[in-house]
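Undergrad: sharing a model prediction with you, sequence too.
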Amino acid sequence: MKRCLAVLALVLLASCTSRLVSQQANPDYIGKPFKSVMVVAVASDDLVRRTFEDRLVATLAKRGVKGIPAYSVVGARRQIEEAELRQALERSGVEGVLITRVTRVDQSSGYTSGATVSVGYSYGYGAGFGGFYGYYSGVWDTTTTAPQKVSGPTWTLSETRLFDAKNGTLAWTGLVDTRNNNDIGAALTQYVDIIFDAMVSDRVL
């Protein structure tokens, strides 16, 4: 069995059926919903990143929340420096930042093609709702694993965090477990709907 902390392997997410494992809202933000957010997908592949960000922004728009895909600010770059990110957030005028990444992949069937693995940040909640800028910098630290033969089905655990864009405080975090599904479009739509509905239920969106 292969276990890894992966940098948002959205190709896996897009081919899976999802369920919410856990969710936690910062009590200071419950009942003070964000009306605009920047969406950040932590992915090494530009096409994958854009696809996920666009899909989540579209879902937000349907529900009355303004979303801005991060790629519209940083282009093809995966990560930008903190000072530049602060300026970009200020210019955009968004109230929140929504960042999603894969934290673990369990694969036990066939061959894996290798993965880009996050080595810089634990997927746990941590103490005291940690800040956005340290989290953003940490999740882009990666290494690469080689292809290998495995046996059994595939599951992916991913994490989404919502931060206050002004002060970087964590407002909400949720973990989603996904399992293989051949209907890619429907599975990705289900995934973003699950995340959105969970944040609405916790009254942070």
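TA: Okay, I see it. Bear in mind the structure is a predicted one, so any value in this text is a computation, not a measurement. Residues are numbered from 1 along each chain as shown.

Undergrad: can you map out the strands along the protein?
TA: Shown for the chain, the strands assigned by DSSP state E span residues 16-25, 36-41, 66-69, 96-107, 110-112, 115-118, 142-145, 148-150, 154-164, 170-180.

Undergrad: got any ranges where the chain has weak pLDDT?
TA: 1-16, 76-78, 106-130, 132-134, 136-154, 180-185 (pLDDT under 70).

Undergrad: hmm, 80 instead?
TA: Where the chain drops to pLDDT under 80, the residues are 1-17, 44-45, 75-82, 104-156, 179-188.

Undergrad: as TSV, the strands of the chain with mean neighbour count and distance to Phe196 would be great.
TA: No exception for glycine: its C-beta is placed from N, CA and C like everyone else's. Output for the strands of the chain, formatted as TSV (neighbours: other C-beta atoms under 10 Å; distance: least, C-beta to C-beta, whole Å):
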stretch	mean neighbour count	distance to Phe196
strand 16-25	16	11
strand 36-41	25	11
strand 66-69	20	10
strand 96-107	23	10
strand 110-112	13	30
strand 115-118	20	24
strand 142-145	14	27
strand 148-150	12	32
strand 154-164	23	10
strand 170-180	21	10
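
Undergrad: closest to Tyr191 out of these?
TA: strand 16-25 (4.4 Å; C-beta to C-beta).

Undergrad: who does that closest one touch, helix- and strand-wise?
TA: For strand 16-25, the elements it packs on are strand 154-164, strand 170-180, helix 184-201, judged by 3 or more C-beta pairs under 8 Å, 6 or more residues apart in numbering; DSSP states H and E.

Undergrad: how about these in a markdown table, adding distance to Ser44?
TA: Output for these, formatted as a markdown table (distance: least, C-beta to C-beta, whole Å):
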| stretch | distance to Ser44 |
| --- | --- |
| strand 154-164 | 15 |
| strand 170-180 | 19 |
| helix 184-201 | 18 |
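
Undergrad: compare those and report which one is nearest to Val65.
TA: Of all the helices and strands packed on strand 16-25, it is helix 184-201 that lies closest to Val65, at 8.2 Å by C-beta to C-beta.

Undergrad: what helices or strands is the closest one leaning on?
TA: helix 10-13, strand 16-25, helix 46-62, strand 170-180.

Undergrad: next, the angle strand 96-107 makes with that helix.
TA: Between helix 184-201 and strand 96-107, the angle comes out at 130 degrees (axes from the mean of the first three to the mean of the last three C-alpha atoms, to 10 degrees).
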